[in-house]
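A.B. asks: generate a structure from the sequence data that follows.
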Amino acid sequence: MKKQILCGVVALIAAGAVADDWYTWRGPNANGISGETGLNPKGASKLWTKELGVGYSSVSVKDGRLYTMGNIDDKDIVYCLDAKNGDEIWRATYACKPGKFKGPRATPVVDGKNLYTVSREGELFCYELDSGKKKWSTDVLDKTNVNNLRWGTSTSAVIEGNLVLLNIGTSGAAVDKHTGKIKWKSSGQHSYASPVVFKRKGKTCAAIFSAAGLQVVDVTSGKKVAAYDWKTKYDINGADPMIIGDRIFISSGYDRESAMLDFSSGKLKKIWSSDIMKNQFSSSIHVDGFIYGVDGQTKKKGFLRCIDAKDGAEKWSMPIGFGSLIAADGKLIALGEKGALHFLEITPDKCNELATFTTGLSQLCWTPPALANGIVYCRNDKGTLVAVEVR
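C.D. replies: Here you go, the predicted structure:
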């Protein structure tokens, strides 16, 4: 076994490839972009499939183990699988109604020796990473006296220092990651995006896209730093805000639009807005001054687009239906809602599709794919998880 591992490492080095884990929501950099290299999408092949139960949870991968969630018979199941073959290592369960658009929304997050998950009913769980033993749980909706969302709480846990940040309440909530105790909270209605942490003038802030719009808070205290009103139909703001230097990009569906906000002064001021990049709940990606994302609404036409971060001008578009995307190795990896996995060159010059792989997944594929150590993981709402080798 040691010899096989050594040979594998030598082969990766010889090929100039770099592998990486994907252990938190939106990857190792929390922005949908991995540092992996050496991908070969034209040689993509299916490794394994696994039935999880209904839901929209993506996956996290750390040290050869994969963590994800599904719902079967009114129970959420937290899975720990072997990332290479899909074999189950452990599972944890708790009672939870599947609700409309059935199953859990949040993605498990690895931090140290712990795994943190969030149910659609707003309960936060902490499990031992090795064994799956529950360490504690906290009903955050109950503790903060906040009503649940129409389609269920969707925030993934975001770890910052000793805090677990959640998009629950208008300006979010923070929980002690060791004990589960509420450290700070906010009243009012949240929405479906996850918090995004960033630094500003030596302070750690979080951008939280709630029902009322964008809220920027101090992570330590929960004190609101700035806000920008942004209302949508059904109060849905599902795509994560994106930090670009002193600017923050926000985008919503339901015939709203996208906007670039200047935050250099400490106040949020609109620089530009555009109706050609409306992210219903698929978060966009920023690379070298350009924004790549899925514009569109479920049950309607969807387009993968590239726009200029400077002024919102469109550079190119490609019809893929509704979907989601990540990026690595100079490539966009986009999963269309019908199960097609698209690989495109990251360039604003033209839409250059490098390869398309048929995953075999049926509709609906709304969960963003994840990439870890040369494997792309894709799932559909029915709970079929597919591992695709792209090294």
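A.B. asks: quick one: the helices in the chain?
C.D. replies: 2-14, 140-144 (DSSP state H).
A.B. asks: hey, least reliable of these by pLDDT?
C.D. replies: Of all the helices of the chain, mean pLDDT reaches its minimum on helix 2-14 (a mean of 45).
A.B. asks: what about the stretch 101-250 of the chain, any weak spots by pLDDT?
C.D. replies: The model of the stretch 101-250 of the chain has no residue with pLDDT under 70.
A.B. asks: what's the neighbour count on residue 26?
C.D. replies: For residue 26, the count of nearby residues is 23 (other Cβ atoms under 10 Å). For every residue, glycine as well, the C-beta is placed using N, CA and C.
A.B. asks: do the same with residue 211
C.D. replies: For residue 211, using other Cβ under 10 Å, the count is 18.
A.B. asks: I'd guessed it sits against residue 192; true?
C.D. replies: No: Residue 211 is beyond contact range of residue 192, at 9.4 Å (criterion: Cβ atoms under 8 Å).
A.B. asks: who touches both of the two?
C.D. replies: 236, 237 (Cβ atoms under 8 Å, 6 or more residues apart in numbering).
A.B. asks: next, the contact list for residue 218, please.
C.D. replies: With Cβ under 8 Å, 6+ apart, residue 218 has these contacts: 203, 204, 205, 225.
A.B. asks: most neighbours among these, please name it.
C.D. replies: residue 205 (22 neighbours).
A.B. asks: that residue against residue 224, yeah?
C.D. replies: No: contact criterion Cβ under 8 Å: residue 205 and residue 224 do not qualify, at 10.3 Å.
A.B. asks: which residues are in contact with both of the two?
C.D. replies: Joint contacts of residue 205 and residue 224 (Cβ under 8 Å, 6+ apart) are 216, 217.
A.B. asks: how many residues are close by residue 274?
C.D. replies: Residue 274, neighbours per other Cβ under 10 Å, totals 20.
A.B. asks: no wait, residue 243
C.D. replies: Based on other Cβ under 10 Å, the number of other residues close to residue 243 is 20.
A.B. asks: ok, now the one 3 residues further on?
C.D. replies: By the criterion of other Cβ under 10 Å, residue 246 has 12 neighbours.
A.B. asks: now it: closest residue in space that isn't a chain neighbour?
C.D. replies: Closest residue to residue 246 apart from its sequence neighbours, by Cβ to Cβ, 6 or more residues apart in numbering: residue 264 at 4.0 Å.
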